[in-house]
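Peer 1: Quick one, structure for this:
(2 chains)
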Amino acid sequence: MSGRFTRRRARLLAGVGAVVTVIVVLLMTGLGRDPSVIASPLVGRAAPDFTLPQLDGPPVTLAKLHGQIVVINFWASWCAECQAEQAALDQTWRRFQDSGVVVIGVNFEDGAGAARGYVRADDVAYPVVEDAGSKTALAYGLRGVPETFVVNRSGRIVSHAIGPVGAAALSSEINSMLLASPR
Amino acid sequence: MNAAGMLRRARPGLPGLLVLCALAAGLATLATVAVVGHPPASQAEQVQQIAASLHCPICKDLSVADSPAPLAQQMRQEIAQKLRAGESADQIRAGFVAAYGVSVLMSPPRQGVTGAVYYLPLLVLAAGLITAVMVLRRWLRAPQAVPSEAGPPRLAATQRRAVATAVARLREEEPG
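Peer 2: Below is the predicted model of the structure:
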């Protein structure tokens, strides 16, 4: 009688323990994650194509850059974090532009005048395009600026960064891509 | 009974008649909708419906329909353009899910892991009901095992035999 009772109590305790463990594990995984950072479902998939007019230059078509590594950076002149990463993007462009790497700045929800002023004032060297109607931003699942996508030589998105990118991290990623698939 | 008296008696029936008329009208409307169906929604209504089912990606807890953010406005325009191009509501939603993931949907899909949101409460409810039934059955059975305070305590056959033997022995020992 007492043995049966102890076995039942042990089973009950084991069951309650299992449920509590599952809840604790779920909470720990959930609480350790930043809810505002949502992984893009586009990583690993073909980058959505676009043809967008440059602020000062001919239109840029992503499909025509097939075979090159493309860094697509969504930015706006009103975005302080975009200004913070500007130097890193310029540095990446100047360092890798002869190695088959293209940096494209996609202007997001901005006035053409403000964008041009920003490009001139900050001496942005890489091509900057306008995304009127935010069609490209919507195709890339943009949630704000800055956001940066890196596209490999096959045209697939290999990484997505929310917030300002650092020159060291971006260079390291591009270097490893160049080593993995030299031209 | 005179006419005034009849009128007084008839008065209480008037509100009832009105309620009956209203009920009949309501039922007729429901039957019409069930048979004929809803009138086709205009494009603006369709845009509103689809936008209401999508989460504004740059807002907190606002649908694309309710958000005043420029990106939400662009999304509404995109929905209208896609509707004009002949895409269905599901195709349009699928397009946004492909870019933003399922988090763009106001209601999580019933398939996959998110389906647990719909089915888990039902499972928990079923488990609770089963537990409640088991506990109730145990409670209902319990009084049979516990001796009642009103009647004599129930004894096992061996105990009853032992008592009978003791009583018989006492009677034999009693003088007279």
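
Peer 1: quick one: what helix or strand has the residue nearest to A:Leu42 when sequence neighbours are not counted in it?
Peer 2: Excluding the flanking residues, the one nearest A:Leu42 by CB to CB, 6 or more residues apart in numbering or on different chains is A:Ile157, at 5.0 Å. No exception for glycine: its C-beta is placed from N, CA and C like everyone else's. Assigned by DSSP states H and E, A:Ile157 belongs to strand A:157-162.

Peer 1: tell me the mean pLDDT for the helix or strand following that strand?
Peer 2: The C-terminal neighbour of strand A:157-162 among helices and strands, as given by DSSP H and E, is helix A:167-180. Mean per-residue pLDDT for helix A:167-180: 95.

Peer 1: and A:Glu85, what is it in contact with?
Peer 2: Counting by CB atoms under 8 Å, 6 or more residues apart in numbering or on different chains, A:Glu85 touches A:73, A:146, A:148, A:164-166.

Peer 1: burial measure for B:Val133, as a count.
Peer 2: If you count neighbours by other CB atoms under 10 Å in any protein chain shown, B:Val133 ends up with 10.

Peer 1: Without its sequence neighbours, what residue ends up closest to the closest residue to chain A within chain B?
Peer 2: As assessed by CB to the nearest CB, chain A sits closest to B:Ala99 within chain B, at 3.6 Å. Closest residue to B:Ala99 apart from its sequence neighbours, by CB to CB, 6+ apart: A:Gly141 at 3.6 Å.

Peer 1: Which pLDDT value goes with the residue of chain A found nearest chain B?
Peer 2: Proximity to chain B, evaluated over chain A using CB to the nearest CB, is greatest for A:Gly141 at 3.6 Å. In this model, A:Gly141 is scored at 96, pLDDT.

Peer 1: Next up, the contacts around the residue nearest to B:Ala99.
Peer 2: Contacts for A:Gly141 (CB under 8 Å, 6+ apart) come out as A:40-42, B:57, B:99-101, B:104.

Peer 1: what secondary structure does it sit in?
Peer 2: Look at A:Gly141: counting by DSSP: H, G, I helix; E, B strand; the rest coil, its state is coil.

Peer 1: any idea how far it is from A:Pro59?
Peer 2: To A:Pro59, A:Gly141 is 23 Å away according to CB to CB, to the nearest Å.

Peer 1: repeat for A:Val165
Peer 2: For A:Val165 relative to A:Pro59 (CB to CB), the value is 25 Å.

Peer 1: got it, and B:Arg160?
Peer 2: Applying CB to CB, the value for B:Arg160 to A:Pro59 is 104 Å.

Peer 1: now B:Ala52
Peer 2: Taken as CB to CB, the span from B:Ala52 to A:Pro59 is 35 Å.

Peer 1: And for A:Val150?
Peer 2: Distance of A:Val150 to A:Pro59, given as CB to CB: 22 Å.

Peer 1: Have a look at the two and say which one is more surrounded.
Peer 2: Using other CB under 10 Å, the more surrounded residue of A:Val150 and A:Pro59 is A:Val150, with 23 against 13.

Peer 1: tell me which element that one falls in.
Peer 2: strand A:147-151.

Peer 1: Now for residue 80, how many residues are close by?
Peer 2: No chain specified, so I'll use chain A. Neighbour count of A:Ala80, defined by other CB under 10 Å: 9.

Peer 1: that's the other chain; I wanted chain B
Peer 2: By other CB under 10 Å, 17 other residues sit near B:Ala80.

Peer 1: Tell me the helices and strands packed up against the strand holding A:Ile157.
Peer 2: Under the contact criterion of 3 or more CB pairs under 8 Å, 6 or more residues apart in numbering or on different chains; DSSP states H and E, strand A:157-162 touches strand A:147-151, helix A:167-180.

Peer 1: Confirm that A:Arg183 sits in a strand.
Peer 2: No. Secondary structure of A:Arg183 (three-state DSSP): coil, not part of a strand.

Peer 1: Please, which helix or strand holds the residue nearest the centre of chain B?
Peer 2: Chain B has B:Leu122 as the residue nearest its centroid, 9.2 Å off, counting by CA atoms, centre = their mean. Element membership of B:Leu122, judged by DSSP H and E, is helix B:116-145.

Peer 1: average pLDDT across that helix?
Peer 2: Across helix B:116-145, pLDDT averages out at 87.

Peer 1: Just the C-alpha atoms of the helix or strand that it is followed by, please, in CSV.
Peer 2: The C-terminal neighbour of helix B:116-145 among helices and strands, as given by DSSP H and E, is helix B:157-173. Only the C-alpha atoms of helix B:157-173 are listed here, as CSV (Å, rounded to 0.1, in the frame of the first residue of the first chain):
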residue,chain,number,x,y,z
ALA,B,157,-15.9,-11.4,7.5
THR,B,158,-13.1,-12.5,9.8
GLN,B,159,-13.7,-9.6,12.2
ARG,B,160,-17.4,-10.4,12.2
ARG,B,161,-16.6,-14.0,13.0
ALA,B,162,-14.2,-13.0,15.8
VAL,B,163,-16.9,-10.7,17.3
ALA,B,164,-19.6,-13.4,17.1
THR,B,165,-17.2,-15.9,18.7
ALA,B,166,-16.4,-13.4,21.5
VAL,B,167,-20.1,-12.7,22.1
ALA,B,168,-20.9,-16.4,22.2
ARG,B,169,-18.1,-17.0,24.7
LEU,B,170,-19.4,-14.1,26.9
ARG,B,171,-22.9,-15.5,26.8
GLU,B,172,-21.6,-18.9,27.8
GLU,B,173,-19.7,-17.4,30.7
